[in-house]
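> Quick one, fold the following:
(one chain, ligands or ions: 2)
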Amino acid sequence: MRNFQLKNPTKIIFGKGEMPKMAAELPKDAKILLLYGGGSIMKNGIYDQVKAALKGFEVAEFGGIPANPEYAILMQALKVIKEKNITYLLAVGGGSVIDGVKFLSAAALYEGEEPWDILTKRIRTKKGMPFGTVLTLPATGSEMNSGAVITRKDTKEKRTMGGPGLFPQFSVLDPEVIKSVPKRQLANGLADAYTHVTEQYLTYPVGALLQDRFAESILQTLVEIAPKIMEEDFNYETASNFMWCCTMALNGLIQKGVPSDWATHMMGHELTALHGIDHARTLAIIAGNHYTYTFEDKKEKLAQYAERIWGVQEGTIEEKARIGIIKTTEFYQSLGIETKLSAYTDAYDGTAEIIAKRFADRGWAGLGERQKVTPSDVQKIVEMSY
Ligand code: NZQ
Ligand code: ZN
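Numbers count the residues shown, from 1 in each chain. Ligands and ions are numbered 1, 2, ... in the order given. Below is the predicted model:
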């Protein structure tokens, strides 16, 4: 096992009817900006619950943060934060709203001229404006981690940022919110959380037995609940397991002391930036091909995964590992998710070259757990995904 440090300061307030408890987490004199997305919270009652919880606080609002939070819109929100002397941010939404708020938390205290530099120059945020979240869609784990992904339409870019100052102070996780989430987004949530685990697990063995079993327990739980989430009506027990899996998949715990990959995510972000494909679906397009391309480096963990998650007992390491890859692609497909780029766009020609060039320009010489996946490898993996 590798050396590690673990600190996660986010307080989780989990369960049905727990929304009012957020009031105790907010400073009494806070000037709060409540931020939300395209308006789903107005229709499903979440807005009313949040407003009731915020009774007595000074609250301004900013709505309209789109899926794949857009820099230009966030810059409008930054203006509101400065004009109204806001001191506390409250994200009510899925990963996009929460990530948008993380960017604003960093940008509000940023002393440089161009906040986009936080993303392109990879400036880590040690201290941001304090914020909390009310999660409305289980998927990203953003509610309990310190990373964010921001999109810029004019340049077709999607970049990551983060730092220890960007953990939410608290996150309210009420599984009841899942009632109004469309099936397409539920499928995205399952696929995203699943891939978060595989990015931190399908690498190479380092004798971290507990971390492996943490990861496997999340994968097994997701596999078990996926058909129920997709096919059945809302069920509180299933919803609560789903929500907690998504949070645990990317709150830092399973990553400690082990290598992690993230190449699938980096390639996937480019597919969203270039073609507007939902985040989770980009992962389903890339993952299987990435594992096939890097097979020799990953086969031991792939075989363990095939054995422990999919019950594959027969065959050599290589044979089991190959089945593991097929099972992964089949899992995405069982959620109704297409796993080929050409199923999403006719204009895929040239995508691989553009992504490889972008990575080379950014100096990303080697991705993955061994820092071995070069821009030219990336080109081949993306081509395999057409
Ligand atoms: O905008 P509204 O009206 O809220 O509608 C949203 C949006 O259209 C809707 N929705 C959310 N909660 C709902 C609901 N509809 C009905 N009822 C509810 N309770 O769902 C749509 C998608 O929302 P979005 O927030 O975009 O989805 P998700 O949570 O999947 O977030 C995706 C974003 O997070 C980033 C992705 O790249 C993408 O930009 N990620 C963030 C990560 C992180 N910070 O750790 C890690 C991930 O790997 C990922 O990259
Ligand atoms: Zn993801």
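> G363: how many residues sit nearby?
When counting by other C-beta atoms under 10 Å, one arrives at 7 neighbours for G363. The way it works is simple: take the backbone N, C-alpha and C, and place the C-beta from them, glycine included.
> again with K7
Neighbour count of K7, defined by other C-beta under 10 Å: 8.
> repeat for L109
Count around L109 with other C-beta under 10 Å applied: 13.
> Show the contacting residues for it.
Contact analysis of L109 by C-beta atoms under 8 Å, 6 or more residues apart in numbering lists 127-129.
> And those, which of them are buried?
With burial judged by 16 or more other C-beta atoms under 10 Å, the buried subset of the contacts of L109 is 128-129.
> Sitting in strands, which of the contacts of L109 do you find?
If you go by DSSP state E, the contacts of L109 have nothing in strands.
> For the residue nearest the centre of the chain, which three-state class applies?
For the chain, T140 is the residue whose C-alpha lies nearest the centre (C-alpha atoms, centre = their mean; 3.0 Å). Here T140 is recorded as coil under DSSP: H, G, I helix; E, B strand; the rest coil.
> Residue numbers of the stretch 201-350 of the chain in contact with ligand 1?
250, 265, 279 (C-beta under 6 Å from any ligand atom).
> Once you drop chain neighbours, what's closest to the second one?
It stands for H265. Distances taken as C-beta to C-beta, 6 or more residues apart in numbering place E199 nearest to H265, at 6.3 Å, with adjacent residues excluded.
> Show the contacting residues for the one you found.
260-262, 264-265.
> how close does it get to I355?
Per C-beta to C-beta, to the nearest Å, E199 is found 18 Å from I355.
> One more: H265?
According to C-beta to C-beta, H265 stands 13 Å off from I355.
> Quick one: end-to-end length of stretch 47-66, please.
The straight-line separation of the ends of stretch 47-66 (C-alpha to C-alpha, to the nearest Å) is 17 Å.
> Buried ones in it, by neighbour count?
Using 16+ other C-beta under 10 Å as the test for burial, stretch 47-66 gives 47, 49-50, 53-54, 57, 59, 62-63, 65.
> right, and the helix or strand after the longest helix seen in the chain?
Longest helix of the chain, by residue count under DSSP state H: helix 209-231. Scanning forward in sequence from helix 209-231 by DSSP states H and E, the next helix or strand is helix 236-249.
> Can you tell me what sits against that following helix?
Contact with helix 236-249 is made by 12, 14-16, 135, 138-141, 143-144, 171, 173, 175-176, 178-179, 186, 189-190, 192-194, 196-197, 214, 218, 221-222, 225, 228-229, 232, 254, as judged by C-beta under 8 Å, 6+ apart.
> Need the contact partners of the helix or strand following it.
Per DSSP H and E, the first helix or strand lying C-terminal to helix 236-249 is helix 263-275. Applying C-beta under 8 Å, 6+ apart, the contact partners of helix 263-275 are 68, 149, 151, 156-160, 195, 198-199, 277-279, 282-283, 285-287, 290, 341, 344-345, 347-348, 351, 354-355, 358-359, 364, 367-368, 373, 378, 381-382.
> Could you identify which of the residues of the stretch 201-350 of the chain next to ligand 1 has the most neighbours?
Taking other C-beta under 10 Å as the neighbour criterion, L250 ranks highest of these with 26 neighbours.
> Domain boundaries for the protein, per the record?
Domain assignment for the chain, taken from automatic domain parsing, gives 11-176, 182-384.
> Surely A77 and L34 touch.
No. A77 is beyond contact range of L34, at 11.0 Å (criterion: C-beta atoms under 8 Å).
> Could you name every residue contacting both of the two?
F62.
> re the thing from before, with the contacts of L109 in mind, which one is nearest to T203?
Using C-beta to C-beta, G128 comes nearest to T203 of the contacts of L109, at 30.2 Å.
> gap between that closest one and ligand 1?
G128 is 14 Å from ligand 1, where distance means C-beta to the nearest ligand atom, to the nearest Å.
> Now do the contacts for that residue.
102, 105-106, 108-109, 163, 165-166 are the contacts of G128 under C-beta under 8 Å, 6+ apart.
> where do the strands sit along this structure?
Assigned by DSSP E, the chain shows strands spanning 11-14, 31-36, 58-62, 88-93, 131-135, 147-152, 157-162, 170-173.
> which residue packs closest to R2, ignoring adjacent ones?
Sequence neighbours aside, G257 is the residue nearest to R2 in space, at 4.8 Å (criterion: C-beta to C-beta, 6+ apart).
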